[in-house]
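Chemist: Provided below for reference: sequence and predicted model.
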Protein chains: 2
Amino acid sequence: MTDLQPVFRALGDPTRRDILRMLGDSPMTIAQVSDNFDMTRAAVKKHLVVLSDGGLIHVEKRGREAVNTLNAAALRPVFDWIGTFDRFWDTRLDALKSAIEKDAANDTGYDTGYDTGKSND
Amino acid sequence: MTDLQPVFRALGDPTRRDILRMLGDSPMTIAQVSDNFDMTRAAVKKHLVVLSDGGLIHVEKRGREAVNTLNAAALRPVFDWIGTFDRFWDTRLDALKSAIEKDAANDTGYDTGYDTGKSND
DNA sequence: TCTATAGAGTACCATTTGGTATCATGTCAA
DNA sequence: TTGACATGATACCAAATGGTACTCTATAGA
């Protein structure tokens, strides 16, 4: 259901993964993020757009600034996708996955789009 | 420690993710894999090389054939990386991650390269 | 041995991607 | 109001990417 491609694409670049790490510490403006990289603000901005396309960050305009906030929940579908391989890997993952899905359904209404292990992208 | 980039890169393409799915059912030769796609064998072969670079598949030459086998263990570092964001997501992930890491250290000697949550790529 | 077949390797092409440079717009603050 | 500043938008460039076509090598089998 959820389109995984924009998320996987966003995660495919090391700069963008670094940005996610930084935003994990606290929300940042574009200027603050780009201070941490040896590239122009415009380049950083492009990465932020890709991250936003993948739903991994949320951008809020505050006056003349744009505050970028991590949305780690968007990593869930990736986790679920990886989880479909758990039978080759570690069976305990399966138990955890079910638990989280069940919980999500009850508590947050989050729909993983994951059901019987069939393709979802 | 482990270089995540080749794995994330390999996962960034939908065709390659589909190939992983197929190889999850059973090992396949290049011809068998490409029978499932509307593209040339050469193109599929390129994808298989990228998957191999990421360690996600293992290629074994058998006579004039090349059998491609899924290596789902290479997904572990990605899982670990996502796990470093679990405090924003679901705290129970943390418990699972520790359990698996502990188990991996004891049973398989697998080193996640994950320690205190500091950057690892 | 001969031939069809599986795959490797290479050259080439169009598109996407990561990046810079430049200019436009909106807002804070004196 | 006016100037400095944060961001947005666009044009442009080089390199990487996804793909095809074609050639070459090696092996399975009649």
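Modeler: Sure thing, it's come through.
Chemist: where does pLDDT dip in chain A?
Modeler: A:1, A:87-121 (pLDDT under 70).
Chemist: helices of that one, start to end?
Modeler: Using DSSP state H, the helices of chain A run over A:5-11, A:14-25, A:30-34, A:41-53, A:76-83, A:91-107.
Chemist: reformat the ones you listed as TSV; add distance to chain B and mean neighbour count.
Modeler: (C-beta placed from N, C-alpha, C; glycine too.) As requested, those are arranged in TSV below (distance: least, CB to the nearest CB, whole Å; neighbours: other CB atoms under 10 Å in any protein chain shown):
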stretch	distance to chain B	mean neighbour count
helix A:5-11	5	21
helix A:14-25	6	18
helix A:30-34	15	17
helix A:41-53	11	17
helix A:76-83	5	21
helix A:91-107	5	14
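Chemist: including distance to residue B:23, could these go into JSON lines?
Modeler: Formatted as JSON lines, the helices of chain A follow (distance: least, CB to CB, whole Å):
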{"stretch": "helix A:5-11", "distance to residue B:23": "18"}
{"stretch": "helix A:14-25", "distance to residue B:23": "26"}
{"stretch": "helix A:30-34", "distance to residue B:23": "38"}
{"stretch": "helix A:41-53", "distance to residue B:23": "28"}
{"stretch": "helix A:76-83", "distance to residue B:23": "15"}
{"stretch": "helix A:91-107", "distance to residue B:23": "19"}
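Chemist: closest one to residue B:47 among those?
Modeler: helix A:5-11 (14.3 Å; CB to CB).
Chemist: show me which residues of chain A are close to DNA strand D?
Modeler: Counting by CB under 7 Å from any atom of the strand, chain A comes close to DNA strand D at A:29-31, A:41-42, A:45, A:59, A:61, A:64-66.
Chemist: ok, 6 Å please
Modeler: Contacts of chain A with DNA strand D, taken as CB under 6 Å from any atom of the strand, map to A:29-31, A:41-42, A:45, A:64-66.
Chemist: which member of the residues you listed is positioned nearest residue B:11?
Modeler: Nearest member of those to residue B:11, counting by CB to CB, is residue A:45, at 24.9 Å.
Chemist: let me see the contact set for the closest residue to the closest one other than its chain neighbours.
Modeler: Setting aside the residues directly before and after it, residue A:45 is nearest to residue A:30 in space (CB to CB, 6 or more residues apart in numbering or on different chains), at 5.7 Å. By CB atoms under 8 Å, 6 or more residues apart in numbering or on different chains, the contact set of residue A:30 is A:41, A:44-45, A:48, A:66, A:68.
Chemist: state the distance from residue A:48 to residue A:22.
Modeler: Using CB to CB, to the nearest Å, residue A:48 is found at 11 Å from residue A:22.
Chemist: overlap in contacts, those two.
Modeler: residue A:33.
Chemist: domain map for chain A?
Modeler: A:5-71, A:74-107 (automatic domain parsing).
Chemist: get me the contact residues on chain A for DNA strand C.
Modeler: Counting by CB under 6 Å from any atom of the strand, chain A sits next to DNA strand C at A:9, A:13, A:15, A:39-40, A:42-43, A:46-47, A:50, A:63-64.
Chemist: between all of those, which two are separated the most?
Modeler: Longest span within the residues of chain A next to DNA strand C, CB to CB: A:9 and A:63, 31.0 Å.
Chemist: returning to that earlier point: can you add distance to residue A:81 and give the residues of chain A next to DNA strand C back as TSV?
Modeler: Shown next, in TSV, are the residues of chain A next to DNA strand C (distance: CB to CB, whole Å):
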residue	distance to residue A:81
A:9	14
A:13	18
A:15	23
A:39	30
A:40	33
A:42	32
A:43	29
A:46	25
A:47	22
A:50	19
A:63	39
A:64	39
